[in-house]
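Student: show me how the following folds:
(2 chains)
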2 protein chains.
Amino acid sequence: MQRIGVAARAAAAELALTAPETKSRALLLAAQSVRDAGDAIQEANESDMQAGEAKGLTRALLDRLMLNDERIEAMAEGLEAVAALPDPVGRVLAQWDRPNGLKIARLAVPLGVIGIIYESRPNVTADAGGLCLKAGNAAILRGGSESFHSSTAIIQALRQGIAAAGLPEAAIQPMPSTDRALVGEMLRAAGVIDVIVPRGGRGLIERVMNESRVPVMAHLDGLCHVYVDGEADAKKARNIVFNSKMRRPGVCGAAETLLVDARAMAGMLPAILNDLITEGCEVRGDPAVCGLDPRVLPATEADWSTEYLDAIISVKIVNGVEGAIRHINGYGSHHTDSIVTENQETADRFLAGIDSAIVLHNASTQFADGGEFGMGAEIGISTGKLHARGPVGAEQLTSYKYVVRGTGQVRP
Amino acid sequence: MQRIGVAARAAAAELALTAPETKSRALLLAAQSVRDAGDAIQEANESDMQAGEAKGLTRALLDRLMLNDERIEAMAEGLEAVAALPDPVGRVLAQWDRPNGLKIARLAVPLGVIGIIYESRPNVTADAGGLCLKAGNAAILRGGSESFHSSTAIIQALRQGIAAAGLPEAAIQPMPSTDRALVGEMLRAAGVIDVIVPRGGRGLIERVMNESRVPVMAHLDGLCHVYVDGEADAKKARNIVFNSKMRRPGVCGAAETLLVDARAMAGMLPAILNDLITEGCEVRGDPAVCGLDPRVLPATEADWSTEYLDAIISVKIVNGVEGAIRHINGYGSHHTDSIVTENQETADRFLAGIDSAIVLHNASTQFADGGEFGMGAEIGISTGKLHARGPVGAEQLTSYKYVVRGTGQVRP
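Tutor: This next block holds a predicted model:
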């Protein structure tokens, strides 16, 4: 850790002063290098996949782990997209003059050294490494043990591209083994690592948040809600609920609980339930919802705080927008919540009253995504309130400094 | 803690939706209430002072603890100044439209519940409580045990003002006793407290950073430097060095180490040393500096990483701006550092290369202060890179949320 940390700090110091063109060039060369290394990456992935099958990983986990030509090309294109983003470093965030003549500017600077701890999705290696580089940060990557060979091959390709642009290879470093103790070393590396970004399931993230001595950019659960108001447009409500749950039930922006205004229950809910159940979604409802459709299973108290990440949804009747706000702020994870209503005042009340990173009016919760926000790429969705909230892209991977220019001023 | 936390969360939810005028009114009423309670506050302070003297507190600590008419009036005026600041909540930080018609806005929102742990400076009670309220946050205050009676009396006055404006008294709550275990309870209150702000000496801040399960806005040492370049204006250099150290040697923005370009040693340093020593400053220098003036004591390695907070300064000869950057990034605390030079290119190199919250050109390090920056008031100077860096005022005590307005959009 000591050796990796020293190399990372030196690389970060150099990257902080690197011109935007050079960073973009390094990202483009890294993209090409990933393409060129396609066979080697797939070979490494093959060995991870075999070990994963032998270990009895679920189909979903094996699918996350698997790399093919298409996914490798997507990584390369992701790096090219990041290269094309505006450089987030050096932005003038604010500037003003003081009566004593001091000129003050708040300028965006890199965070420094970012430690990323993620599960066995090898593509995160390229996404996270690329975003860190774009923002002038050195990255220390620790992927899941099941993807170790794949990640190592990807990092090697990235480093070739970086070196070809004349930048230090230590801009992106892997942790040297899958030893779990190394995660602990990263979490204790205050002063060496400036921020830890955990990406993964609840277990990983809770461990990181509990153990870390390094500041953490928290990405917790996405327990997202759709609230259908009594004054909703019935067609919008059907579309938005169905899309929020079923477009991709396993993403963090997928809806897990549907709240329906008592006034909308009889008129709108039966069709919504039918859409979901017909498509194979399991519905767990409160007693009133169970009474509407015999295919609805009874929900338990635990359902209101469960992130299914699957084709399952819990449904509850609430009393208007105030009931929805109370439920969401009480049970939600402060990630993403949407209201469907034609009443602007009701919408404004919801948007102001819900304490979440993303609040939407008449739109699907599945828009909770840096790409959909136009931020180019994201390292995840932050549910913490410090520093970055919502999608974390290249801009959110910067800090700032104050640059003060004087002409000899001293303080009276 | 549980009871305090529940009350704080409820107050925070109400404050988040409170109109700017109401918060300002509460601050003005709190200021008046502090004035009206002047006698009671001084009486409480008297008992803290007597206990402090009996305990053998140093003169400096007793001076920090002491309240008189003037200091009470300053607290009231501080609250009025905060009332007059622009409201930081609801600011539109960014907004843009997406090709699919979604309208995205990033709006400033309060952080929520802020825990402030500070040493025995009773005035921090009013400053911190006022700034938290301005930014729509509930505050849980834990002052030093030596100032317990003073802080309690001040909090009581603040709460009277807040209640008179119709806001919940739990907007500002004290921890109920000086039991040190209560600090630990605050540090473990993740989910109840959103952020901990420690204000005080190294021991307190290191304990907080090591133990806290709640995100911390770090305020570490101010190991600040002035670098006098070979192309400095000699008069500016004398003024800036003298002011950076001697205006108030005990503040966090005071210079602790002076670095002098080898080219400026013979020409500029003797007069600078003479200014400092004549004024009673102890100078500890490297061998070359010792050779310039017999009154200079030899510096040890430890001096380069010591925050004296006193009329003591360490002085070292370096090779130009690169030598200065290496020294400062290696030994400094990333707080505030200044270069004195007439060469714009050299200045730019320093301002870009120094990894500190505040970097200055031709100005005293003692400008490191929210008031001097025009931010109205500050809760401290953050040396961390996450969230806020440099002076932490009302704006820095906010987070943001994304408000997305659609017309029925679903994600393809």
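Student: near chain B, which residues of the stretch 301-412 of chain A?
Tutor: A:329, A:347, A:351-353, A:355-364, A:366-367, A:372-374, A:384-387, A:389-390, A:399-411 (C-beta under 8 Å from any C-beta of the partner chain). Every residue, glycine included, has its C-beta placed from N, CA and C.
Student: so what touches the strand or helix carrying residue A:181?
Tutor: Of the helices and strands defined by DSSP states H and E, residue A:181 is found in helix A:180-187. Residues outside helix A:180-187 that contact it (C-beta atoms under 8 Å, 6 or more residues apart in numbering or on different chains) are A:1, A:115, A:117, A:140, A:142, A:175-176, A:193, A:196, A:207-208, A:211-214.
Student: name the member of those with the most neighbours.
Tutor: Greatest neighbour count in the contacts of helix A:180-187, by other C-beta atoms under 10 Å in any protein chain shown, goes to residue A:115: 31 neighbours.
Student: how many other residues sit next to whichever residue of the stretch 151-300 of chain A sits closest to chain B?
Tutor: In the stretch 151-300 of chain A, the residue that lies nearest chain B is residue A:243 (3.6 Å; C-beta to the nearest C-beta). Around residue A:243 there are 22 other residues, counting by other C-beta under 10 Å.
Student: next, count neighbours for the residue nearest to it when sequence neighbours are not counted.
Tutor: Counting by C-beta to C-beta, 6 or more residues apart in numbering or on different chains, residue A:243 lies nearest to residue B:410, which is 3.6 Å off, once chain neighbours are set aside. Close neighbours of residue B:410, defined as other C-beta under 10 Å, add up to 19.
Student: which entries within the residues of the stretch 301-412 of chain A next to chain B meet the buried criterion?
Tutor: A:329, A:347, A:351-353, A:355-364, A:366-367, A:372-373, A:384-387, A:389-390, A:399-406, A:409-411 (16 or more other C-beta atoms under 10 Å in any protein chain shown).
Student: okay, and which of those residues map to strands?
Tutor: A:358-363, A:390, A:399-406, A:409 (DSSP state E).
Student: of the residues you listed, which pair is most distant in space?
Tutor: A:362 and A:409 (53.0 Å; C-beta to C-beta).
Student: domain ranges for chain A?
Tutor: Following the assignment in automatic domain parsing, chain A carries domains at A:2-220+A:384-405, A:224-367.
Student: quick one: residue A:239 is in a strand?
Tutor: No. Using DSSP: H, G, I helix; E, B strand; the rest coil, the assignment for residue A:239 is helix, not a strand.
Student: in terms of helices and strands, where is residue A:314?
Tutor: Per DSSP H and E: strand A:312-318 holds residue A:314.
Student: distance of residue A:277 relative to residue A:312?
Tutor: Computed as C-beta to C-beta, to the nearest Å, the residue A:277 to residue A:312 distance reads 11 Å.
Student: lowest average confidence, helix or strand, in chain A?
Tutor: Ranked by mean pLDDT, DSSP states H and E, the weakest helix or strand in chain A is helix A:202-211, scoring a mean of 85.
Student: hey, C-alpha coordinates of that helix in CSV?
Tutor: The C-alpha coordinates for helix A:202-211 follow below in CSV (Å, rounded to 0.1, in the frame of the first residue of the first chain):
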residue,chain,number,x,y,z
ARG,A,202,-25.2,-3.1,0.5
GLY,A,203,-22.7,-5.4,2.3
LEU,A,204,-19.7,-3.9,0.6
ILE,A,205,-20.9,-0.3,1.0
GLU,A,206,-21.7,-0.7,4.7
ARG,A,207,-18.3,-2.3,5.4
VAL,A,208,-16.6,0.6,3.6
MET,A,209,-18.7,3.2,5.4
ASN,A,210,-18.1,1.6,8.8
GLU,A,211,-14.4,0.9,8.5
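Student: show me what it is packed against.
Tutor: With contacts taken as 3 or more C-beta pairs under 8 Å, 6 or more residues apart in numbering or on different chains; DSSP states H and E, helix A:202-211 sits against helix A:180-187, strand A:195-199.
Student: mean pLDDT and distance to residue A:159 for the ones you listed - can I get that in TSV?
Tutor: Formatted as TSV, the helices and strands packed on helix A:202-211 follow (pLDDT from 0 to 100; distance: least, C-beta to C-beta, whole Å):
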stretch	mean pLDDT	distance to residue A:159
helix A:180-187	91	19
strand A:195-199	91	20
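Student: most neighbours per residue, which of those?
Tutor: strand A:195-199 (a mean of 25; mean count of other C-beta atoms under 10 Å in any protein chain shown).
Student: so how far is it off the chain centroid?
Tutor: 10 Å (C-alpha atoms, centre = their mean, to the nearest Å).
Student: which other residues reach that strand?
Tutor: A:111-112, A:114-119, A:121, A:124, A:128, A:186-187, A:204-205, A:208-209, A:212, A:214-219, A:379-380, A:392, B:385-386.
Student: thinking again about what came up before, quick one: the helix holding residue A:181 to helix A:202-211, angle?
Tutor: 50 degrees (axes from the mean of the first three to the mean of the last three C-alpha atoms, to 10 degrees).
Student: next SSE after the helix or strand hosting residue A:271?
Tutor: Here residue A:271, judged by DSSP H and E, is contained in helix A:262-278. Following helix A:262-278 in sequence order, the next helix or strand is strand A:282-285 (DSSP H and E).
Student: quick check: residue A:155 touching residue A:172?
Tutor: Yes. Assessed by C-beta atoms under 8 Å, residue A:155 is found in contact with residue A:172 at 5.9 Å.
Student: compare the two and say which is more crowded by neighbours.
Tutor: Comparing residue A:155 with residue A:172 by other C-beta under 10 Å, the one with more neighbours is residue A:172, at 30 against 21.
Student: which pLDDT value does the model give the more buried one?
Tutor: Residue A:172 carries a pLDDT score of 97 in this model.
Student: so it makes contact with residue A:162?
Tutor: Yes. Residue A:172 lies in contact with residue A:162 (C-beta under 8 Å); the separation is 6.7 Å.
Student: what is in contact with the two at once?
Tutor: Common neighbours of residue A:172 and residue A:162 (C-beta under 8 Å, 6+ apart) are residue A:133.
Student: so which bits of stretch A:296-316 are buried?
Tutor: A:296, A:299, A:303-304, A:306-309, A:311-316.
Student: from the rest of the structure, what touches it?
Tutor: A:202, A:221-223, A:245-246, A:249-252, A:254-260, A:269, A:273, A:276-277, A:279-287, A:289-290, A:327, A:331, A:333.
Student: ok, now how distant is residue A:75 from residue A:81?
Tutor: From residue A:75 to residue A:81 the distance is 11 Å (C-beta to C-beta).
Student: with residue A:298 instead?
Tutor: 46 Å.
Student: one more: residue A:324?
Tutor: From residue A:324 to residue A:81 the distance is 37 Å (C-beta to C-beta).
Student: which one of those two has more residues nearby?
Tutor: residue A:324 (27 against 15).
Student: my read is that one is in a helix, agree?
Tutor: Yes. Residue A:324 forms part of a helix when assessed by three-state DSSP.
Student: which residues touch it?
Tutor: Here residue A:324 is in contact with A:225, A:227, A:229, A:259, A:261, A:318, A:339, A:350 (criterion: C-beta under 8 Å, 6+ apart).
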